[in-house]
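Q: Next comes the sequence, and after it the predicted model I'd like to discuss.
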Amino acid sequence: MIEWSETKIKAFQQTLLDWYDHNKRTLPWRQDHNPYHVWVSEIMLQQTQVQTVIPYYLHFMEEFPTVQDLADAPEDKLMKTWEGLGYYSRARNLQKAARQVVTDYHGKWPSNAHDLQELSGIGPYTAGAIASIAFNQPVAAVDGNAFRVFARLLEINADVAKPQTRKIFEKVINKIISKDRPGDFNQAIMDLGASYMTATNFDSSHSPVRAFNQAFLDGIEDQYPVKTKKKRPVVHDYFGLVIRSDNGYLFQKRPSSGILANFWMFPLFDHQDLTDDQSLSKSALIQIVEAKMQSDYQLPIKLSQVLDKPVTHTFTHQQWKITLLEGRLPENVDLSYFPGKWIQPAVFDEMTFSKVQSKLWSAYQKRPSIS
DNA sequence: CAACCGTGGAT
DNA sequence: TATCCAAGGTT
């Protein structure tokens, strides 16, 4: 890692902020410095691209214009507003924090990074972002952009995938950040990271800070940031049950913790949970599911495969391959042993579905007709 | 600390 | 298709 003199730091600040003043992106959450606006946008932007967030942000502000509106919101309306954005605990933490602000802080936001981190869903990055943008506090906001930009500028060799590395970057950036315009400085770094200093296809030769980019000057920019690779997602094979009656389709509520917590979905059966025997044929596996529906839930069901190929969906750490099975039950069947309910397709639009459930429904509707 | 938590876009 | 990346936080 190289170090900058006080003179060089001043020159960098000037160059960066001059560029930002003339080239900053026009974004809905940049119209003012209202902490509620800054906060909601920062939560939505966690691990999510700007162009994805924009329509969600605009809709969210129509539904919940103030922190009080968010605190008072019914959960189903909140989740419906978040539908499709992913990482759904962000939405639940958002409302938790809104209630913290309204009750614990009587509507007056904490204005420094330390206190902001006490709110649900606000970690070191988001605390720094809100403190600097909304409250003009001179603190670093170390996100993926800051890692990438400063790793290249200063040839920082620490592995950005390791949690402890954040401290190194915070220390460096807190020295370089503009004390007069910390919010603009942090946002300028992000705009830089989203334009000339992207992860791939970067264009450093035209960057406004190319003269400060040591890795570029040394021709080794592709070596930064240093980051160890992630593990591959674990594959899960499931049967997805599309069970119909005159009361609608059978849905099951997912557990209150873990992936897609509390979402309603078609019932899923993990092949691994059915048997350890890898040699069983698919028809034998289907018979096991039928037997399980009978013994565990008192539901007499005959199932048959709907599509040749499974519906696949990849999360960050899991890949699901779901083979769809369909069946029918009489409307007066006793559902009291099954942890689920009938839902009519007419109300699907009012529910919050995960992407994978939407895929299952879509694939099922496109099934070959039985003529 | 390492593992977990969604989705869409780019390559 | 597989992999990585995108304004990270929680456990």
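A: Arrived safely, thanks for sending.
Q: average model confidence for stretch A:272-288?
A: Here stretch A:272-288 scores 91 as its mean pLDDT.
Q: and it with DNA strand B, contact?
A: No: interface with DNA strand B: stretch A:272-288 contributes nothing (CB under 7 Å from any atom of the strand), its closest point being 14.1 Å away. Any C-beta I mention is one placed from the backbone N, CA and C, and that applies to glycine too.
Q: who's in contact with that stretch?
A: Residues from elsewhere that reach stretch A:272-288 (CB atoms under 8 Å, 6 or more residues apart in numbering): A:236-237, A:239, A:271, A:289, A:292, A:303-305, A:323, A:325.
Q: Please, where are all the strands along chain A?
A: A:234-245, A:248-253, A:264-265, A:268-270, A:304-305, A:311-314, A:318-328, A:340-343 (DSSP state E).
Q: Name the residues of the second one that are buried.
A: Taking 16 or more other CB atoms under 10 Å as the basis for neighbour counts, the residues of strand A:248-253 that come out buried are A:248-251.
Q: now the residue in the stretch 1-150 of chain A that DNA strand C sits nearest to: how far from residue A:87?
A: When scored by CB to the nearest atom of the strand, the stretch 1-150 of chain A has residue A:123 as its residue closest to DNA strand C, at 2.6 Å. Per CB to CB, to the nearest Å, residue A:123 is found 13 Å from residue A:87.
Q: Next: residue A:243.
A: In terms of CB to CB, residue A:243 sits 30 Å off from residue A:87.
Q: Neighbour count: these two, which is higher?
A: Using other CB atoms under 10 Å as the criterion, residue A:243 and residue A:87 rank with residue A:243 on top: 23 against 15.
Q: contacting residues for the more buried one?
A: A:249-250, A:266-267, A:301, A:326-329.
Q: Kindly recompute the last result at 6 Å.
A: A:250, A:327, A:329 (CB atoms under 6 Å, 6 or more residues apart in numbering).
Q: Please name the bridge partners of the closest residue to it other than its chain neighbours.
A: Nearest residue to residue A:243 in three dimensions, chain neighbours excluded: residue A:250, at 4.0 Å (CB to CB, 6 or more residues apart in numbering). Legend: beta-bridge partners of residue A:250 under DSSP bridges are residue A:342.
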